[in-house]
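[1] Following is a predicted model, sequence given first.
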Amino acid sequence: MKNFIKSMFGGGDTSIKRVIAFLGFLFIAVTMLLNSYQHESIKPSEELVDAVKVIVLVCIGGNVVEKFLDKTTKKTDNTQDTN
């Protein structure tokens, strides 16, 4: 896990989408953990939690699409080079 986080934040393969998704996940996880020990009157608004969830999902989805597009682009480039 440590090596994964180091490779995500260090090195040339870092994507801002990946960093934002990771930070959003940490925010949601900490919020859920803290809310399990607090009164229900002290909780973040549902709209805020939903907004962070949407941002995290969009970042993860964008990162996945980017990975697949890179693979198809490389395959297309390799096929054109051989012809």
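    Perfect, thanks for sending it.

[2] mind listing the helices for this structure?
    2-9, 16-35, 46-82 (DSSP state H).

[3] and these as TSV, adding mean pLDDT?
    Formatted as TSV, these follow (pLDDT from 0 to 100):
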stretch	mean pLDDT
helix 2-9	70
helix 16-35	83
helix 46-82	78
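
[4] Pick the most deeply packed of these.
    helix 16-35 (a mean of 14; mean count of other C-beta atoms under 10 Å). Every C-beta, even on glycine, is put in place using the N, C-alpha and C of the backbone.

[5] Can you give the contact residues for that one?
    With C-beta atoms under 8 Å, 6 or more residues apart in numbering as the test, helix 16-35 has contacts from 5, 8-9, 43-44, 49, 52-53, 55-56, 59-60, 62-63, 66.

[6] same thing with stretch 50-58?
    Ile20, Ala21, Gly24, Phe25, Phe27, Ile28.

[7] Recalculate using a threshold of 6 Å.
    If you take C-beta atoms under 6 Å, 6 or more residues apart in numbering as the criterion, stretch 50-58 is touched by Ala21, Gly24, Phe25, Phe27, Ile28.

[8] what about the nearest residue to the second one once chain neighbours are set aside, distance to Ser41?
    This points to Gly24. Closest residue in space to Gly24, ignoring its immediate chain neighbours: Val56 at 3.9 Å, by C-beta to C-beta, 6 or more residues apart in numbering. Computed as C-beta to C-beta, to the nearest Å, the Val56 to Ser41 distance reads 26 Å.

[9] ok, now Lys2?
    38 Å.

[10] quick one: terminal-to-terminal distance for stretch 39-51?
    22 Å (C-alpha to C-alpha, to the nearest Å).

[11] Now do it: distance to the chain's middle.
    Here stretch 39-51 is found 21 Å from its chain centre; the criterion is C-alpha atoms, centre = their mean, to the nearest Å.

[12] what's the answer for stretch 19-36, then?
    Distance, centroid of stretch 19-36 to centroid of chain: 12 Å (C-alpha atoms, centre = their mean).
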